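K.L.:
Model the structure of this input:
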Amino acid sequence: MKIFKREVKSPFLAWGIVALVVLFVSLFSLSAPVAMAQAKKTSDNDTQRYSQLLQSIYQFIIQNYVDEVDPYKLYEGAMKGMFDALGDPHSIFLDEAMMSDMLRETDGSYAGVGLYISKQVGTPKEGEEKYIEVVSPIEDTPAWKAGILPGDLILSVDGESTATMTVDQASAKIQGKAGTKVKLRFRRGNNYEFDVEFTRATIQIPAIKTGIIEQAGAKIGYVRIIEWIPQTPDKVRAALEQMKTAGITQLIVDVRSNPGGLLDSVVEVCDLFLDSGVIVSTKGRVETENYEYKAKPSVVISKDIPMVVLVNQGSASASEIFAGAMKDTHRALLIGERTYGKGSVQQVFPLDKTGFKLTMARYYTPSGVNIDKTGIEPDIVSPDIELSDKQLDTLEKLYDSGLVEAFVKDHPDATREERKAYAQTLIQKGYDLPELYLEKLIRDEIDRTKPERVYDLEYDMQLNEAISVITSPDFKTRLENSKTLEQTMAAH
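P.N.:
Prediction:
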């Protein structure tokens, strides 16, 4: 999950192999460990001392190690060590492959399996490690077709544990040349573990998907923002213009399972709905990182059009900026689940073919709240179906049984009534899972090789909740009485 403020041509190329500032080169002596032990306080003197020590040790290793040393390996090791020491999973050295992958991702295309990932948050159980976590699969990709779900943990990539990997390192290993294979081991819930061997494919990430839902006399525009890439604002603007011409009466914007992207992209999209005030502000130690992004006077969709934003635990970073701006300005009601909670801003700095990503600031919603590690609580909580550990074990047995696949093979065009009847049959066979969950499982298996639908009125409970709320007579009152994030935090 990444949010980039801008790409910056590196000001650091002059530091050569390893040192940020090279003041002078001195021969490393036995007194160096003593000096390092005594240097505890952060000060200008400490900065100078450690810079000198770093360069001295580098030169000493180059000149004295028993075997000839590759300077690049020392450089790469030192860079990785410095960023690891920050304890920030979003600040990292990018080797050549990782840098190349990252630049391709922000263009909306890469070769892989189609997963948005993050480092597992929270404290793991005693004796367990922090693994790579699936934020969401990308629709119409190998991961989506394999049924990978948000919250699944990736335990290993081709047998290598992800416990010691950063997000970018794991991403670099999962991605590769289209047509090649990669084997991932997943954990779902506490106990259910399974392997999937994927054939990598070229992943084309659509910026948005749109449609118009006509229900109960309403004409509801639906915009699903899949990724915040450079093309997103123009595509959203064009979709909104078309919807306005079509005469929509309400609007639903869906940023569920959207892990983030470009800050400029989300600011431009917010500006399509807001005509004044702060959209988001950033604050950092460097003066240039302290900035307020404000809305321009014109909007594409009038404030008279009721609006809902759908969020869930996979809505992160730039998606949280959008949700926070719409909530704090009372432009829209938020419906769904608490968001992920990533409130920091990174910049990417190229260094020849490598580079690094560094957290430069934190962002704040219009009411002045930073949601890092807390997320955004929606105005109306509408949880998705969540299975218990016992039910996950039951689901594993159902997968192993092959019953769903066999039914779909015999009934490739099963109606909802037939799906419902077979779901009840499975429950009678001892597969004690929510009936609606089983129905959707069967339907998704039928649709596995088809493009994902724009919206799902059959089984998407959160979307149906949004339709119910946005078409209700008291929507305007509920919106006016909704709390900003600042008010919500004060109440707690």
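K.L.:
need the longest strand for the chain.
P.N.:
Longest strand in the chain by number of residues (criterion: DSSP state E): strand 354-364.
K.L.:
From the chain's centroid, how far away is that one?
P.N.:
15 Å (CA atoms, centre = their mean, to the nearest Å).
K.L.:
cool, and stretch 255-275?
P.N.:
Counting by CA atoms, centre = their mean, stretch 255-275 comes out at 13 Å from the chain centroid.
K.L.:
Mind exporting the C-alpha coordinates of that stretch to PDB?
P.N.:
In PDB, the C-alpha atoms belonging to stretch 255-275 read as follows (Å, rounded to 0.1, in the frame of the first residue of the first chain):
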ATOM      1  CA  VAL A 255     -13.400   2.600  -2.300                       C
ATOM      2  CA  ARG A 256     -13.600  -0.800  -0.500                       C
ATOM      3  CA  SER A 257     -10.400  -2.800  -0.800                       C
ATOM      4  CA  ASN A 258      -8.600   0.100  -2.500                       C
ATOM      5  CA  PRO A 259      -5.100   0.200  -0.900                       C
ATOM      6  CA  GLY A 260      -4.100   3.700  -2.000                       C
ATOM      7  CA  GLY A 261      -1.800   5.300  -4.600                       C
ATOM      8  CA  LEU A 262      -0.900   8.800  -5.600                       C
ATOM      9  CA  LEU A 263      -1.700  11.800  -3.300                       C
ATOM     10  CA  ASP A 264      -2.200  14.100  -6.300                       C
ATOM     11  CA  SER A 265      -4.700  11.700  -7.700                       C
ATOM     12  CA  VAL A 266      -7.000  11.500  -4.700                       C
ATOM     13  CA  VAL A 267      -6.800  15.300  -4.100                       C
ATOM     14  CA  GLU A 268      -7.900  15.900  -7.700                       C
ATOM     15  CA  VAL A 269     -10.800  13.500  -7.300                       C
ATOM     16  CA  CYS A 270     -11.900  15.100  -4.000                       C
ATOM     17  CA  ASP A 271     -11.900  18.400  -5.800                       C
ATOM     18  CA  LEU A 272     -14.600  17.100  -8.100                       C
ATOM     19  CA  PHE A 273     -17.000  17.000  -5.100                       C
ATOM     20  CA  LEU A 274     -15.900  19.900  -2.900                       C
ATOM     21  CA  ASP A 275     -15.900  23.600  -3.800                       C
END
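K.L.:
Quick check: mean pLDDT of it?
P.N.:
If you average the pLDDT over stretch 255-275, you get 94.
K.L.:
Could you do stretch 152-168 as well?
P.N.:
92.
K.L.:
ditto for stretch 69-84
P.N.:
Mean predicted lDDT for stretch 69-84 stands at 93.
K.L.:
gap between it and the chain center?
P.N.:
28 Å.
K.L.:
Give the rounded mean pLDDT of stretch 47-63.
P.N.:
93.
K.L.:
buried set for it?
P.N.:
The neighbour-count check on stretch 47-63 (16 or more other CB atoms under 10 Å) flags 49-59 as buried. Quick note: C-beta positions are derived from backbone N, CA and C, even for glycine.
K.L.:
before we move on, what about stretch 446-453?
P.N.:
For stretch 446-453, by 16+ other CB under 10 Å, it's 446, 452.
K.L.:
please begin residue numbering at 19 from this point
P.N.:
In the new count, where the first residue is 19, that last one comes out as stretch 464-471.
K.L.:
residues making contact with that stretch?
P.N.:
With contacts defined as CB atoms under 8 Å, 6 or more residues apart in numbering, stretch 464-471 is touched by 157-158, 162-163, 426, 430-432.
K.L.:
between those residues, which is nearest L290?
P.N.:
L290 lies nearest to E157 out of the contacts of stretch 464-471, by CB to CB, at 23.7 Å.
K.L.:
contacting residues for that closest one?
P.N.:
Counting by CB under 8 Å, 6+ apart, E157 has contacts 244, 469-470.
K.L.:
I'd like the list of the residues you listed that fall within strands, please.
P.N.:
Per DSSP E, these never map to strands.
K.L.:
now those in TSV, with pLDDT and distance to C288?
P.N.:
Shown next, in TSV, are these (pLDDT from 0 to 100; distance: CB to CB, whole Å):
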residue	pLDDT	distance to C288
I244	90	17
P469	71	29
E470	73	26
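K.L.:
now, which of those sits nearest D170?
P.N.:
E470 (18.0 Å).
K.L.:
And the helices in the stretch 19-168 of the chain, which stretches?
P.N.:
50-56, 62-82, 89-103, 114-123, 160-163 (DSSP state H, counting those that start in this stretch).
K.L.:
Put the buried members of the contacts of stretch 464-471 into a ChimeraX selection.
P.N.:
Per 16+ other CB under 10 Å, the buried members of those correspond to this ChimeraX selection:
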select :157,158,162,163,426,432
